[in-house]
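Asker: Sequence plus the predicted model coming up.
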There are 2 protein chains.
Amino acid sequence: MPDLATHDVRITGFASYLPELMHDNDSLPPLDEPVSSADLERIGVYRRGWASAAEGVAEMAAIAARRALERAGVAAGELDLVILANWTRRRYLPEFAPKLKKLLGADRAFAHDLGCACAGFLYGVGTASEFLRNPRFRRALVVASEQTSQRARPGSRGTLILGDAAGAFVLERVDVAARDAGRLIDYELAADGDHHQIMEISDEGWVQTHIPQRDLCSLAARSVHAVSSRLLERNRLGLADVAWVIPHSGTAGVQAALVRELGVPPERILTNYASVGNVSSASIPVALDHFVAAGQVRAGDLVLSAAVGGGWYAAAALYTVGPVPP
Amino acid sequence: MPDLATHDVRITGFASYLPELMHDNDSLPPLDEPVSSADLERIGVYRRGWASAAEGVAEMAAIAARRALERAGVAAGELDLVILANWTRRRYLPEFAPKLKKLLGADRAFAHDLGCACAGFLYGVGTASEFLRNPRFRRALVVASEQTSQRARPGSRGTLILGDAAGAFVLERVDVAARDAGRLIDYELAADGDHHQIMEISDEGWVQTHIPQRDLCSLAARSVHAVSSRLLERNRLGLADVAWVIPHSGTAGVQAALVRELGVPPERILTNYASVGNVSSASIPVALDHFVAAGQVRAGDLVLSAAVGGGWYAAAALYTVGPVPP
C-alpha cells in the first residue's frame, strides 16, 4: 500500500437510508406499455424507493449521516469536512451540502457537493481521504444522496429501475481512531473524455443513453476492470485476495457484464440492486450496510468497490470492514 | 505555515480567457427600463463578455488551461488531475471536466467538476493541493469557466453586471517544480448552512437574491473577513504583510463593503470587475492574470485571494506570485 503509507484512514462508521415509500412492481404507477413477467425477471428489480417531498436530498443524507456518526462515536460538531455526492437533483445553486451541514450541526466543517454521476461517492471518499492528510483535518463525512427516480420519464421502463436512497461513510485519520475500525486502503479515480456524451439528460430531465445498452454494459465492465486492476496491482493484491466485490450496479446487464469481465464467482459480487433499484452514487454504501446487516459481510473482510458514471467516470476503492455495528 | 509544512505546492502557471464578444454599455441589448448614467456609474461595470455558441464552458476552460500549461512548461499529458469549477452551466450530466480533459489531451488525469458557486475556484485550489500530498499525484490543473451572463434575465440590470470568463492555475508539488515559481502557502474553506437559501436560481435560470442587497454585501464582507482572518492568523501573518488582496468581487457594493470590513487601503484591493463584470468563480485567476500583465502585481508579491458564493460558501488562499510570464 505504497500510496497511502503516510497516513492511515479508517472507516469508523457507515449507514444508509431508504425512503418510507418502497414501490413493489404492483404498486408502481402503470407504464405506457405493459411489461411481461419475463421482462420483469430480466430487469431484475422488484422494489425501489420514491422519496416524498419531506425526504429531500439533504434530509435523506442527514438520516444516513446521523446513523453513521452514531456508529462511529463522532459528534457532528467534530467533523472537519462534509462531501455530499448528488447529481440527480443538481441545481445551479444552492448546493445541498451546506444545508446538510446545518441539519447535522456540523458547525466547523466546510462542505460541498460533488457530481460525478454514479461514481460520486467513491470520488468523494478519495477526495476526503486526501484532505485527511492535512494535519488540521481529522474527521470527514462522505454522503451520497440520490433521487434517481426523478430522472426516469413517468410511464417509462426506467421507473422500474431507478430508485432513491442515501448512504454515508465517516472517515477518520488513525491517530484519532485508535480503536478497531475498517481501513480505507487505497482508491483509484478515472475520467474518460472520449465517452463524455454517451449519457445525457433530456430537457425534461430524463436519462437518455446514446449508445446501445449492450455497448454501455460492456464499457461499464471494461471501465470497472481497468480501475480495479490498477488499484489492486498498486497494492500488490489480486481479486483472489478480495472477500467481496461491492460494485455500483446500474442494471442487471451491467452486473452480468461485470461478472464476465472480472472473472469473479458471481456469489462474491454483492449488490442489492434487486431490492432498491439503481440508486446511483448511493449504491455502494447502501449495499455495504445491507450485506453487513444481513451477516454476509463480516468484520475484517477485504472489499473492493467500484463504480462507473455517465460523464464518463470510473472509480474504485479497497477497504476492510470494521466491527459490525449494532 | 504549519499546515502545509509537509508539502510545498507551487503555482507554476496561470492564465485567463475572455470571450471574443465583449459588450460595452452601448452594445448591450436594451434593458426593460433605461438606466441613468448615475446608476451606470454606481453599478461600475463598463464591459462584460458574452460567450458564443462555439465558446462552451469546456472550450473556454481549455484556452485558459493551455496558456497556463504553456507558462508552466507542463504538457497536458503530465497532469494527474483536473478540477473544473463551474456552476453557471451546470447540468445533471455530463459534467464538463471530462470533455476538458479530452480537449487538452490530459490522458492520464482524473477530472471532475466542482460547483460551490463563486467560491468554486478556491475550493478547487484547496482540493487539488491536498491531492498533491499523495506521492502518486504531482501536477494538477484547476480551471474556473463560467458563463454568468446566462444567469441574468434578458432585459434586467443583471445583464450589466454578469459576464463570462475562464481562468486557470497549474499546481505542482515542489519536487517536480524546483525552478522559481509562485507558492500556494495555505488556504481556508468554509460553508454556512444558515444562509443556504439567500440566493437561488429561478425556474427560468435567473439569479434571485432573497435578502436586501445591503445585507448581502455585509454578509459577503463579514464572510471574507472571517476566512481571511483565520488563514492569516494560522500563518502568523497580518493584512499588513499582504501586498495585494485579489478578491472575487460580485458587485461594486460588495467591493465597497470589503474595503470597509478589511480596513485595507482600497488601492491594495485589486479587481477587474469594471472591465469584465462579475465572472463568478473565474474572477480571481482572471484578475491575477490581468494585474500581472499590467505590471501592477510582480514576482514575489504575497497575495490574499478570497471569495464568497451563494450556497453559502467562503474561501481564501494565500500565495506568492512567480516570475511574470511572457
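Answerer: Ah, there it is.

Asker: Only C-alpha atoms from now on, for both contacts and neighbour counts.
Answerer: OK.

Asker: and the stretch 51-200 of chain A, which residues reach chain B?
Answerer: Within the stretch 51-200 of chain A, the positions lying close to chain B (Cα under 8 Å from any Cα of the partner chain) are A:87-95, A:98-102, A:109-117, A:127, A:130-131, A:133-136, A:189-194, A:196-197, A:199-200.

Asker: Let's see that with 6 Å instead.
Answerer: Contact residues (Cα under 6 Å from any Cα of the partner chain) of the stretch 51-200 of chain A with chain B: A:87, A:90, A:92-95, A:98-99, A:102, A:110-111, A:130-131, A:189-193, A:200.

Asker: and A:Ala307, how many residues sit next to it?
Answerer: Using other Cα atoms under 10 Å in any protein chain shown, A:Ala307 has 32 other residues around it.

Asker: and the helix or strand of chain A with the lowest mean pLDDT, what does it pack onto?
Answerer: Counting by mean pLDDT, DSSP states H and E, the weakest-scoring helix or strand in chain A turns out to be helix A:252-262, with a mean of 90. In terms of contacts (3 or more Cα pairs under 6 Å, 6 or more residues apart in numbering or on different chains; DSSP states H and E), helix A:252-262 is packed against helix A:213-234.

Asker: Whichever helix or strand comes after the helix it packs on: how far from the chain's middle?
Answerer: Sequence order places strand A:244-245 as the next helix or strand after helix A:213-234, per DSSP states H and E. Offset of strand A:244-245 from its chain centre (Cα atoms, centre = their mean, to the nearest Å): 14 Å.

Asker: Tell me the buried residues within the residues of the stretch 51-200 of chain A next to chain B.
Answerer: A:87, A:90, A:92-95, A:98-99, A:102, A:110-111, A:130-131, A:189-193, A:200 (16 or more other Cα atoms under 10 Å in any protein chain shown).

Asker: Among these, name the ones in helices.
Answerer: If you go by DSSP state H, these have A:Pro98, A:Lys99, A:Lys102, A:Glu130, A:Phe131 in helices.

Asker: any weak-confidence spans in the stretch 51-200 of chain A?
Answerer: A:175-179 (pLDDT under 70).

Asker: sec struct for A:Thr159, please.
Answerer: State at A:Thr159, reduced to three classes by DSSP: H, G, I helix; E, B strand; the rest coil: helix.

Asker: contacting residues around it?
Answerer: A:Ala152 (Cα atoms under 6 Å, 6 or more residues apart in numbering or on different chains).

Asker: Report the separation between it and chain B.
Answerer: Noted for A:Thr159: a distance of 18 Å to chain B, by Cα to the nearest Cα, to the nearest Å.

Asker: ok, now A:Asn272?
Answerer: 24 Å.

Asker: Show me chain A divided up by domain.
Answerer: The record's domain parsing of chain A by automatic domain parsing lists A:9-176, A:183-320.

Asker: closest one to B:Gly295 among these?
Answerer: The minimum distance between B:Gly295 and the domains of chain A falls on domain A:9-176, with 34.9 Å, by Cα to Cα.

Asker: Please see if stretch A:203-220 touches chain B.
Answerer: No - judged by Cα under 6 Å from any Cα, stretch A:203-220 stays clear of chain B, getting no closer than 8.2 Å.

Asker: re the thing from before, any chance of TSV for the domains of chain A, columns distance to B:Glu41?
Answerer: Listed next are the domains of chain A as TSV, based on distance: least, Cα to Cα, whole Å:
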stretch	distance to B:Glu41
domain A:9-176	29
domain A:183-320	39
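
Asker: Most tightly packed of the ones you listed?
Answerer: Counting by mean count of other Cα atoms under 10 Å in any protein chain shown, domain A:9-176 has the highest mean neighbour count of these, with a mean of 23.

Asker: chain center to it: distance?
Answerer: Mean-position distance between domain A:9-176 and its chain equals 7 Å (Cα atoms, centre = their mean).

Asker: Could you do stretch A:245-264 as well?
Answerer: 15 Å.

Asker: so how far does it reach from one end to the other?
Answerer: 9 Å (Cα to Cα, to the nearest Å).

Asker: Which residues does stretch A:80-95 contact?
Answerer: A:97, A:109-115, A:117, A:120-121, A:137, A:139-148, B:87, B:90, B:92, B:200, B:311.

Asker: Mind checking which of those land in strands?
Answerer: A:110-114, A:139-147, B:200 (DSSP state E).

Asker: which one of these is nearest A:Pro247?
Answerer: Taking the ones in strands among the contacts of stretch A:80-95 together and measuring to A:Pro247 by Cα to Cα, the closest member is A:Ala144, at 14.5 Å.

Asker: Show me the two of the ones in strands among the contacts of stretch A:80-95 that sit farthest apart.
Answerer: Using Cα to Cα, the ones in strands among the contacts of stretch A:80-95 span at most 30.1 Å, a distance reached by A:Arg139 and B:Glu200.

Asker: Stretch A:8-15 vs chain B: in contact?
Answerer: No - on the criterion Cα under 6 Å from any Cα, stretch A:8-15 is out of touch with chain B, staying 12.3 Å away.

Asker: Show me the contact partners of that stretch.
Answerer: A:64, A:67-68, A:71-72, A:167-174, A:181-184, A:289.

Asker: Centre of the chain to that stretch, how far?
Answerer: Counting by Cα atoms, centre = their mean, stretch A:8-15 is centred 15 Å from the centre of its parent chain.

Asker: same question for that stretch, mean pLDDT?
Answerer: Average pLDDT, stretch A:8-15: 95.

Asker: Wait, a helix at A:Gly300?
Answerer: No - assessed with three-state DSSP, A:Gly300 is coil; it does not lie in a helix.

Asker: what residues are up against A:Arg67?
Answerer: Contacts of A:Arg67 by Cα under 6 Å, 6+ apart are A:Ala15.

Asker: which phi and psi does it have?
Answerer: Main-chain torsions, A:Arg67, degrees, to the nearest 10: phi -60, psi -40.

Asker: What separation do you get for it and chain B?
Answerer: 20 Å.

Asker: What lies in contact with stretch A:261-270?
Answerer: Stretch A:261-270 has contacts (Cα under 6 Å, 6+ apart) with A:Trp244, A:Val245, A:Ile246, A:Val259.

Asker: distance between the ends of it?
Answerer: End-to-end distance (Cα to Cα), stretch A:261-270: 15 Å.

Asker: starting at the chain centroid, how far to that stretch?
Answerer: Offset of stretch A:261-270 from its chain centre (Cα atoms, centre = their mean): 18 Å.

Asker: Ok, stretch A:314-322 next?
Answerer: With Cα atoms, centre = their mean, you get 11 Å for stretch A:314-322.

Asker: now it: mean pLDDT?
Answerer: Taken as a whole, stretch A:314-322 has a mean pLDDT of 96.

Asker: does any bit of that stretch sit next to chain B?
Answerer: No - counting by Cα under 6 Å from any Cα, chain B has no neighbours in stretch A:314-322; the shortest distance is 9.0 Å.

Asker: Export that stretch to CSV, keeping only CA atoms.
Answerer: Output of stretch A:314-322 as CSV, limited to C-alpha atoms (Å, rounded to 0.1, in the frame of the first residue of the first chain):
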residue,chain,number,x,y,z
ALA,A,314,-14.8,5.3,-13.2
ALA,A,315,-13.6,4.9,-9.6
ALA,A,316,-12.6,2.1,-7.2
ALA,A,317,-11.8,1.8,-3.5
LEU,A,318,-10.2,-1.0,-1.4
TYR,A,319,-11.2,-1.2,2.2
THR,A,320,-11.6,-3.5,5.1
VAL,A,321,-14.8,-3.7,7.1
GLY,A,322,-14.8,-2.7,10.8
